[in-house]
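# need a structure here:
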Amino acid sequence: MRHALLSLLLLASCATAQARDRAGEFDYWLLSLAWAPQYCAGNPGDQQCVYPQNFVVHGLWPQRERGAPDYCGRTPLVPTELVTRMLPMMPSEKLIQQQWRKHGSCSGLDQQEYFLQVERARRGIAVPLQYLDPEEYRKTTVPEIKAAFIAVNPRLQSETLAVQCSGRWLREVRVCLDRDFQPRACGADVKDRCGDEVIMRSNRR
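Next comes the predicted model:
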């Protein structure tokens, strides 16, 4: 009896999760800009690490005010011509395919339209000049990183950005955008996750 009850609860939980993660049902977009030197320090053989990079698109994620949908159904592979178009912005086929399966499938858009929106979101955010070709390690802080982005993107505010680290090392900057791609405050669970000091790796190995 107990085993049957647990099975029913598990099935109900799975059904609820599936109902929750329906394509197109989300509140805002999150543009994740990964600091490529940090990723490449641990993945030197990856396709995106062949050439020095700065901020690259990790993904464009449909978000809820709390939490996010993912893997909203089976999807076809991203075709070669679309992968090729996206490589300058998302410099790894593996990354492009994975981001479409996990996040793009929840956007309610087809592949062409979703990746058009990835391009739109990325081109709407300027990268501060000092981060474009970092030849040396940089010690900084979360407020300094946010101030640098706001200086070249005046529509942004501190609450529209979230800085993520792995230990002391900068991992990514997240930009929160409404469904019309205007900056908006991030949801309650999208927060800065760094210590007092942030170190940005050089893109010179």
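# CA only for contacts and neighbour counts going forward, please
Noted.
# and the helix or strand hosting Cys165, what other elements does it pack with?
Using DSSP states H and E, Cys165 maps to strand 161-166. Under the contact definition 3 or more CA pairs under 8 Å, 6 or more residues apart in numbering; DSSP states H and E, strand 161-166 sits against helix 142-152, strand 169-177.
# Run through the residues that contact the residue most central in space within the chain.
Centroid check for the chain by CA atoms, centre = their mean gives Ser32 as the closest residue, at 2.5 Å. Counting by CA atoms under 8 Å, 6 or more residues apart in numbering, Ser32 touches Val57, His58, Gly59, Leu60, Trp61, Glu172, Val173, Arg174, Val175.
# please redo it, this time with the cut-off set to 7 Å
By CA atoms under 7 Å, 6 or more residues apart in numbering, the contact list for Ser32 reads Val57, His58, Gly59, Leu60, Glu172, Val173, Arg174, Val175.
# For these, give me TSV that also has neighbour count, distance to Arg120 and pLDDT.
Output for the contacts of Ser32, formatted as TSV (neighbours: other CA atoms under 10 Å; distance: CA to CA, whole Å; pLDDT from 0 to 100):
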residue	neighbour count	distance to Arg120	pLDDT
Val57	25	12	98
His58	22	14	97
Gly59	24	12	97
Leu60	27	10	98
Glu172	22	19	98
Val173	23	17	98
Arg174	22	15	98
Val175	27	13	98
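# Of those, which is the nearest to Leu95?
Nearest to Leu95 among the contacts of Ser32 is His58, at 7.5 Å by CA to CA.
# Which among the helices and strands packed on strand 161-166 is found nearest to Glu136?
Across the helices and strands packed on strand 161-166, closest to Glu136 is strand 169-177 (CA to CA), at 13.8 Å.
# before we move on, back to that, just send the helices and strands packed on strand 161-166 back as JSON lines, with distance to Gln53 too.
Below are the helices and strands packed on strand 161-166 laid out as JSON lines (distance: least, CA to CA, whole Å):
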{"stretch": "helix 142-152", "distance to Gln53": "17"}
{"stretch": "strand 169-177", "distance to Gln53": "13"}
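# Need the contact partners of stretch 69-83.
Outside stretch 69-83, the residues that reach it (CA under 7 Å, 6+ apart) are 21-23, 62-63, 93, 96-97, 101-103, 105-106.
# now that stretch, how far from the centre of its chain.
In terms of CA atoms, centre = their mean, to the nearest Å, the centre of stretch 69-83 is found 16 Å from the chain centre.
# start to end distance for that stretch?
23 Å (CA to CA, to the nearest Å).
# same check, this time on stretch 33-50
18 Å.
# Report the beta-bridge partner residues of Met200.
Bridge pairing for Met200 (DSSP bridges) gives the partners Arg138.
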